[in-house]
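A.B. asks: here are the coordinates; sequence isn't available:
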C-alpha cells in the first residue's frame, strides 16, 4: 500500500496569491514527481527530483518551483497564482531502478479565481 | 523517440461486457518497462501492473488481463465481465533508459449498468 499524501485536497484562491502544495511520502523513495493534469486528460510532468537537493524541470514549462530538503517532502510553490494555473496537481514517488512504478497521491485540485 | 499511443479516447460498454484497451508504444531501447494505471473519478492514479521488455508472458489478475506483444509494440489491457466500478480513465505508460516515464493520453472507460 502506497503512502503518499497531498494537502490541501482542494484549494480555491484569488489571483496573485502565493501558494504551496504539500506532498509527503513515507516509503523512503528517492524519486519524486509533480504532474499537472486537467481532469481525465493527459498528465504533464512539471518537476521531478532524484533525491535530496536534486530538482529538475519536467517536460511542461511551469511557473512553479519545488524544493527537496528532506527525502520525504517535495513541496510545490506558485509565487503568484493566475487563473491559467487552475488544474489538478498530482504528486508521485518511485523506488527507482529498475522497476520504477510510480505511486500517486490523491491530488490537489486548484482553482484560481 | 519514445511515445505511447492510446487510440481509443472514450469507450462505453454495458455491464458484464468484455472490453480491451489498446496501448501501442515506440522506443528504440531494448530494455524498457510498461505500466498500466487506473484513475477513477476520485482523481488518484492507481498502479495496476508493470511489465519489462524481456517478459512477454501474459498476465491475468482476476477480471484483468494484459497482452504484451513486442512484435506489434503493444501492451493491451482486457477487462472481463466489466463492472460499473471499472469506470475510470486508464493510462498506459513507458519507461526507458532515459529514465522518465512517458504516459499515454488515456482512455476513458464508461461501464453502463
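C.D. replies: Noted; the coordinates are in hand. It should be emphasised that the depicted structure is a prediction, and the values quoted were computed from it without experimental measurement. Numbering: from 1, shown residues only, chains lettered A, B, ... in the order given.

A.B. asks: Every contact and neighbour count from this point should use C-alpha atoms.
C.D. replies: Noted.

A.B. asks: if I look at the residue most central in space within chain A, how far off is chain B?
C.D. replies: Residue closest to the average C-alpha location in chain A (CA atoms, centre = their mean): residue A:34, at 3.2 Å. Counting by CA to the nearest CA, to the nearest Å, the gap from residue A:34 to chain B is 12 Å.

A.B. asks: Up against chain A, what does chain B have?
C.D. replies: B:33, B:35, B:39, B:42-47, B:50, B:89, B:103-106, B:108 (CA under 8 Å from any CA of the partner chain).

A.B. asks: if we can go back for a sec, specify the local secondary structure of the residue nearest to the centre of chain A.
C.D. replies: Judged by DSSP: H, G, I helix; E, B strand; the rest coil, the three-state class of residue A:34 is strand.

A.B. asks: What of residue A:60?
C.D. replies: Residue A:60 falls in the coil class when you classify it by three-state DSSP.

A.B. asks: In chain A, mark out all the strands, start to finish.
C.D. replies: A:4-7, A:10-13, A:19-25, A:31-37, A:44-51, A:54-57, A:65-66, A:76-78, A:87-94, A:102-104, A:108-112 (DSSP state E).

A.B. asks: before we move on, what about chain B?
C.D. replies: For chain B, strands defined by DSSP E occupy the ranges B:3-5, B:10-14, B:19-21, B:24-26, B:33-39, B:46-52, B:59-61, B:64-69, B:74-79, B:88-95, B:101-103, B:107-112.

A.B. asks: Any chance of TSV for those strands, columns mean neighbour count and mean pLDDT?
C.D. replies: Formatted as TSV, the strands of chain B follow (neighbours: other CA atoms under 10 Å in any protein chain shown; pLDDT from 0 to 100):
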stretch	mean neighbour count	mean pLDDT
strand B:3-5	18	95
strand B:10-14	14	97
strand B:19-21	19	98
strand B:24-26	18	97
strand B:33-39	23	95
strand B:46-52	17	91
strand B:59-61	12	86
strand B:64-69	18	94
strand B:74-79	20	96
strand B:88-95	26	95
strand B:101-103	21	89
strand B:107-112	20	97
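
A.B. asks: can you redo these as TSV with distance to residue A:107?
C.D. replies: Shown next, in TSV, are these (distance: least, CA to CA, whole Å):
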stretch	distance to residue A:107
strand B:3-5	23
strand B:10-14	23
strand B:19-21	25
strand B:24-26	27
strand B:33-39	11
strand B:46-52	12
strand B:59-61	27
strand B:64-69	25
strand B:74-79	25
strand B:88-95	15
strand B:101-103	17
strand B:107-112	19
